[in-house]
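[1] Sequence and predicted structure are below.
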Amino acid sequence: EAGVVQSPRYKIIEKKQPVAFWCNPISGHNTLYWYLQNLGQGPELLIRYENEEAVDDSQLPKDRFSAERLKGVDSTLKIQPAELGDSAVYLCASSLGQTGGETQYFGPGTRLLVL
Amino acid sequence: AQKITQTQPGMFVQEKEAVTLDCTYDTSDQSYGLFWYKQPSSGEMIFLIYQGSYDEQNATEGRYSLNFQKARKSANLVISASQLGDSAMYFCAMREDPSGAAGNKLTFGGGTRVLVKP
């Protein structure tokens, strides 16, 4: 069974440029998460989707970050414009659904460097 | 206050020996779950083991076991017979009551870097 797929794996951009990350969850997983991981720290949740609905986006900086999950499968996270402090790893994870007890499975992440 | 605390930033372990990674947590929920993930240099977070707050027995998965002490609010990971491939960052994470406001959100600790010496 294929795991969570993310692309690109690495991205280098100049500040003020836009950037987008793509995630394809494990087949059949209804819940999708985007996490931000700063260097030397644990991941922090940005947004959680149940199917197409964003049910928790309280940690998403909405002035520059946006996300969508059309058709309840793939998801895209966008930053516009990027700032130096956005340099980090962006992790996508998925789980079966919000019935409790489901393990979240992570993708390899996208490592972003903003110059 | 930190919800998940990992007090060991880094540690060395000799190949074939066991190592214990500490994790303490803070929650007022009765129902919660504790997870351990491994993150090698490639970056992917690999699920290792899960312990539910109502589980009476400590979880085990192959060479991984979780020493769950509910009264102390600790969930230490034990890796037995360490291998060179175990060198990685290890994160403890907690999911609080999924029916509450946090839903299925995971809160992670700061991680412990393990280096296995041959």
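    Here it is on my side, so go on. Numbering: from 1, shown residues only, chains lettered A, B, ... in the order given.
[2] Can you check the pLDDT for residue B:69?
    On the pLDDT scale, residue B:69 is placed at 96.
[3] Report the beta-bridge partner residues of it.
    Beta-bridge partners recorded for residue B:69 (DSSP bridges): residue B:74.
[4] With residue A:23 instead?
    Note on residue A:23: beta-bridge partners by DSSP bridges are residue A:6, residue A:75.
[5] mind showing which ranges of chain B have poor pLDDT?
    B:1-2, B:98-103 (pLDDT under 70).
[6] List, one by one, the residues from chain B near chain A.
    Taking C-beta under 8 Å from any C-beta of the partner chain as the contact definition, chain B meets chain A at B:4, B:31, B:33, B:35, B:37, B:42-47, B:50, B:52, B:91, B:93, B:98-99, B:103-106, B:108-111. To be clear about C-beta, it is placed using only N, CA and C from the backbone, and glycine gets the same treatment.
[7] The helix or strand of chain A with the lowest mean pLDDT: partners in the sheet, and parallel or antiparallel?
    In chain A, no helix or strand scores lower on mean pLDDT, DSSP states H and E than strand A:53-56, which sits at a mean of 88. Strand pairing for strand A:53-56, using DSSP bridges, gives strand A:44-50 (antiparallel).
[8] which residues sit against the strand it pairs with?
    By C-beta atoms under 8 Å, 6 or more residues apart in numbering or on different chains, the residues outside strand A:44-50 that reach it are A:30-38, A:54-57, A:59-60, A:65, A:67, A:69, A:72, A:75, A:77, A:97-98, B:103-106, B:108.
[9] SS state for residue B:85?
    Assigned with DSSP: H, G, I helix; E, B strand; the rest coil, residue B:85 falls in the helix class.
[10] Now do the same contact list for it.
    With C-beta under 8 Å, 6+ apart, residue B:85 has these contacts: residue B:116.
[11] give me that answer again for 10 Å
    The neighbours of residue B:85, taking C-beta atoms under 10 Å, 6 or more residues apart in numbering or on different chains as the test, are B:38, B:40, B:116.
[12] The first one reaches residue B:46, doesn't it?
    In this case it means residue B:38. Yes: contact status for residue B:38 versus residue B:46: in contact at 4.6 Å, counting by C-beta atoms under 10 Å.
[13] And the residue of chain B closest to chain A?
    In chain B, the residue that lies nearest chain A is residue B:108 (2.9 Å; C-beta to the nearest C-beta).
[14] What pLDDT is listed against the closest residue to that residue other than its chain neighbours?
    Sequence neighbours aside, residue A:42 is the residue nearest to residue B:108 in space, at 2.9 Å (criterion: C-beta to C-beta, 6 or more residues apart in numbering or on different chains). In this model, residue A:42 is scored at 94, pLDDT.
[15] What about residue A:42, how many residues nearby?
    22 (other C-beta atoms under 10 Å in any protein chain shown).
[16] And for the one 5 residues further on?
    Other residues near residue A:47 come to 24 when the count uses other C-beta under 10 Å.
[17] ok, now how distant is it from residue A:55?
    Using C-beta to C-beta, to the nearest Å, one gets 9 Å for the distance from residue A:47 to residue A:55.
[18] how many neighbours does residue 86 have?
    All of this is about chain A. Residue A:86 has 20 neighbouring residues, counting by other C-beta under 10 Å.
[19] actually it's chain B I care about, not the one you picked
    19.
[20] got it, and residue A:92?
    Neighbour number of residue A:92 under other C-beta under 10 Å is 26.
[21] Now do the same contact list for it.
    A:4-6, A:21-25, A:32-35, A:46, A:74-75, A:77, A:105-110.
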